[in-house]
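[1] coordinates only, no sequence provided:
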């Protein structure tokens, strides 16, 4: 007998919307009230929202801006160890004085040395828990060095408080991060006191008996987003690029340079002899295998979007009137390319990456745009 996989009750988007709309049309016609969707033979005024039945081959995943009743389950392998709800954070020893600190959504790195602690990033979601984590792994010691992975508030927005409670702390970042922070003028993100320049130029940091290597691989998530490598524990930290076990945050984690993002992920396993990856988000650490898995997904996504772009016909099925609206023609085309992309990658990946259904449309939309604008070589 054929076996069928059990599926969560994922809302299938427009079909359900249409069912509700049909009921609304019937009720409205009885009551003599206008509705925001045209029935057969009706015309819509400019003040009404009108749409046709769903596109052909609509994916079995709710599209953006459509409520999802139940999301796909998160695989156990993606979850990581539990967070103590009373404590609100977890500290994990990575060996050689290195420690992960996470609240289950954000991550920071501690390196304990003879004279104090190096802290990499200060996410406000963890906030005051960082000081408690420092006291837990290095009683009586202060933060002597604070390294910024990049400029975004969600990763360094607690830096101002760290600086206040650790007077004289050296704040280290790439010069591109300094430029962004100087423009932001945000007291919660103090300007770096030590910067380094260049691309693919290692910058050593020594603190007591510990050493780290910082390197800017070039544009990726954001200008100045750096790789932090602690050789003694074989730990690599790269934030907002690799999401171990999970789908990336929407649109390649809002990467400002998608070809650069691809090149950064592609280079990691050959560049560093690491065993632990800290991606800056979620609960568990990653491995080289996680990097390879994400790269394989990205490659499949690239191929699916490229195939959709080359096989989808512009303006197909549109009225002659709408084809005079250039933006509408592109909207219709991009919708159908995205549907092609989602359908192509879903069978292989929907049960392999946690939250696949949450952001797959976003990834396909971002991928097709980059291919059209940046070019196909990645």
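    Structure's in. What do you need? It should be emphasised that the depicted structure is a prediction, and the values quoted were computed from it without experimental measurement. Numbers count the residues shown, from 1 in each chain.
[2] run through who's touching stretch 192-200.
    Under the criterion Cβ atoms under 8 Å, 6 or more residues apart in numbering, residues 148, 170-175, 177-178, 181, 203, 214-218 lie in contact with stretch 192-200. Where C-beta positions appear, they are placed from N, C-alpha and C, glycine not excepted.
[3] most neighbours among the residues you listed, please name it.
    Each of the contacts of stretch 192-200 was scored by neighbours using other Cβ atoms under 10 Å; the highest score is residue 148's, at 30 neighbours.
[4] please, where are all the strands along the stretch 51-200 of the chain?
    90-95, 98-102, 107-113, 116-120, 143-147, 170-174, 194-196 (DSSP state E, counting those that start in this stretch).
[5] from the contact counts, what lies against the first one?
    Packed against strand 90-95 by the contact rule (3 or more Cβ pairs under 8 Å, 6 or more residues apart in numbering; DSSP states H and E) you find strand 98-102, helix 129-137.
[6] run me through the strand neighbours of it, direction for each.
    Strand pairing for strand 90-95, determined by DSSP bridges: strand 98-102 (antiparallel).
[7] buried residues in the partner strand?
    For strand 98-102, the neighbour count (16 or more other Cβ atoms under 10 Å) marks 98, 99, 100, 101, 102 as buried.
[8] thinking again about what came up before, and the furthest pair within the contacts of stretch 192-200?
    170 and 218 (25.0 Å; Cβ to Cβ).
[9] all helices for the stretch 251-378 of the chain, in order.
    Ranges of helices in the stretch 251-378 of the chain, per DSSP state H, counting those that start in this stretch, are 258-271, 288-311, 326-349, 356-373.
[10] what angle sits between the second one and helix 326-349?
    Put plainly, it is helix 288-311. 140 degrees (axes from the mean of the first three to the mean of the last three Cα atoms, to 10 degrees).
[11] show me what helix 288-311 is packed against.
    helix 258-271, strand 276-278, helix 326-349, helix 356-373.
[12] contacts for it next, please.
    Outside of helix 288-311, the residues within contact range by Cβ under 8 Å, 6+ apart are 242-245, 248, 262, 265-266, 268-269, 274-275, 277, 336-341, 344-345, 348-349, 352-353, 363-364, 367-368, 371-372, 376, 378.
[13] equivalent analysis for the last one, please.
    Applying Cβ under 8 Å, 6+ apart, the contact partners of helix 356-373 are 10, 61-64, 68, 71-72, 247-252, 255, 258-259, 301-302, 304-306, 308-309, 334, 337-338, 341-342, 345-346, 349-350, 378.
[14] in ChimeraX, how would I select just the buried ones from the residues you listed?
    The ChimeraX command for the buried members of the contacts of helix 356-373 (criterion: 16+ other Cβ under 10 Å) is given here:
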select :10,61,62,63,68,71,72,247,248,249,250,251,252,255,258,259,301,302,304,305,306,308,309,334,337,338,341,342,345,346,349,350,378
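[15] which of the contacts of helix 288-311 are buried?
    With burial judged by 16+ other Cβ under 10 Å, the buried subset of the contacts of helix 288-311 is 242-245, 248, 262, 265, 268-269, 274, 277, 336-341, 344-345, 349, 353, 363-364, 367-368, 371, 378.
[16] got the contact list for stretch 147-155?
    Taking Cβ under 8 Å, 6+ apart as the rule, stretch 147-155 contacts 106, 118-125, 156, 159, 171-173, 177, 180-181, 184, 186, 188-189, 192, 205, 212, 214, 221-222, 224-226, 228, 237-240, 280.
[17] one step back: wait, which of the strands of the stretch 51-200 of the chain is closest to residue 131?
    Between residue 131 and the strands of the stretch 51-200 of the chain, the shortest gap by Cβ to Cβ is with strand 143-147, which sits at 8.5 Å.
[18] now do the closest one: distance to the chain's middle.
    Distance, stretch centre to chain centre, for strand 143-147: 26 Å (Cα atoms, centre = their mean, to the nearest Å).
[19] that strand pairs with which strands, and in what direction?
    Short version: by DSSP bridges, strand 143-147 pairs with strand 116-120 (parallel), strand 170-174 (parallel).
[20] excluding covalently adjacent residues, which one is nearest to residue 332?
    residue 318 (5.7 Å; Cβ to Cβ, 6 or more residues apart in numbering).
[21] next one: residue 84
    residue 90 (6.8 Å).
[22] wait, what's in contact with the one you found?
    Going by Cβ under 8 Å, 6+ apart, residue 90 touches 81, 82, 83, 84, 100, 101, 102, 103, 104, 283.
[23] distance of it relative to residue 132?
    12 Å (Cβ to Cβ, to the nearest Å).
[24] shouldn't residue 59 be in contact with residue 344?
    No: using Cβ atoms under 8 Å, residue 59 is not in contact with residue 344; the gap is 9.9 Å.
[25] backbone dihedrals for the closest residue to residue 239 other than its chain neighbours, both of them.
    Nearest residue to residue 239, sequence neighbours excluded (Cβ to Cβ, 6+ apart): residue 280, at 3.2 Å. The phi/psi pair for residue 280 (degrees, to the nearest 10) reads phi 90, psi -10.
[26] what about residue 280, how many neighbours?
    For residue 280, using other Cβ under 10 Å, the count is 28.
[27] who's in contact with it?
    106, 107, 121, 149, 155, 237, 238, 239, 240 are the contacts of residue 280 under Cβ under 8 Å, 6+ apart.
[28] redo that, cut-off 10 Å
    Neighbour list for residue 280: 102, 106-109, 120-121, 123, 149-150, 152, 154-155, 221, 225, 237-243, 253 [criterion: Cβ atoms under 10 Å, 6 or more residues apart in numbering].
[29] cool, and residue 175?
    Going by Cβ under 10 Å, 6+ apart, residue 175 touches 192, 195, 196, 197, 198, 216, 223, 224.
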